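Asker: predicted structure and sequence below. I'll ask about it afterward.
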Amino acid sequence: MWTRLSIGALAGVVATIPMTIMMLVWHRMLPVEDQYPLPPEQVTDDIVDKVVGPRAFDRRDRRTLAWLLHFFFGAATGSMYVMAADRFSRPTSYTGVGFGLIVWVGSYFGWLPAFDVYGAGRDQTPARNTLMLAVHIAWGVSLGMLARVLTHMRDARQGVSLTAWTGR
């Protein structure tokens, strides 16, 4: 179990890199009025304000915390993905996309609004929601591919043949 969780965490963190690059680059291409802070910063700001108060951290520390939490969330959800994918099938880019969509919907239209956290989908413009949807799809593709490769490497070390692994 710990190996699978580690594979998922590593795949989740690494998949968060291209996601974040896309998010930052595409954010600059949005209309000027949509270029306010991205959801990782919005969510962190709101949670910090609610939990420890509005003067708890300066702007730079909040930004750092936001992006650290963004990568932590990628690791945590990557671990959940691998545990689910190992249970039902093997990780693939297709199941990764599905999981990326689940994470996007579950976060931006699920737990964020349920806890009244600013940064939810209802707080975003259509252009920003499209941006976040696209980067979660990219994250899912990367996650699925990375998890598949890492799972195959684990299985190869344990002597599981590629034929047994692919079902062919």
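Answerer: Received it, and whenever you're ready, just let me know what you need.
Asker: not counting sequence-adjacent ones, nearest residue to Arg148?
Answerer: Spatial nearest neighbour of Arg148, excluding adjacent residues (CB to CB, 6 or more residues apart in numbering): Pro91 at 4.4 Å. Every C-beta, even on glycine, is put in place using the N, C-alpha and C of the backbone.
Asker: ok, now which ones touch Pro18?
Answerer: Contacts for Pro18 (CB atoms under 8 Å, 6 or more residues apart in numbering) come out as 138-139, 142.
Asker: the chain: helices as residue ranges?
Answerer: 2-29, 39-51, 59-88, 93-106, 112-114, 126-157, 162-166 (DSSP state H).
Asker: in CSV: these, plus distance to Ala120 and mean pLDDT.
Answerer: Listed next are those as CSV, based on distance: least, CB to CB, whole Å; pLDDT from 0 to 100:
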stretch, distance to Ala120, mean pLDDT
helix 2-29, 17, 95
helix 39-51, 8, 94
helix 59-88, 15, 92
helix 93-106, 11, 94
helix 112-114, 4, 96
helix 126-157, 10, 92
helix 162-166, 39, 47
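Asker: run the chain-centre distance for stretch 49-60.
Answerer: From the chain centre to the centre of stretch 49-60 is a distance of 24 Å (CA atoms, centre = their mean, to the nearest Å).
Asker: neighbours around Leu38, how many?
Answerer: 22 (other CB atoms under 10 Å).
Asker: which residue packs closest to the residue nearest in space to the middle of the chain, ignoring adjacent ones?
Answerer: By CA atoms, centre = their mean, the mean C-alpha position of the chain lies nearest to Gly74, the distance being 4.0 Å. Take Gly74 and drop its neighbours on the chain: the residue closest to it by CB to CB, 6+ apart is Thr16, 3.4 Å away.
Asker: ok, that neighbour touching Leu69?
Answerer: No - under the criterion of CB atoms under 8 Å, Thr16 is not in contact with Leu69, lying 11.0 Å apart.
Asker: between those two, which one's more packed in?
Answerer: Shown here are Thr16 and Leu69; by other CB under 10 Å, Thr16 has more neighbours (24 against 16).
Asker: that one: what's it in contact with?
Answerer: So Thr16 contacts 70-71, 74-75, 139 (CB under 8 Å, 6+ apart).
Asker: for the residue nearest to Arg148, give me its contacts.
Answerer: Counting by CB under 8 Å, 6+ apart, Pro91 has contacts 11, 81-82, 85, 143-144, 147-148, 151.
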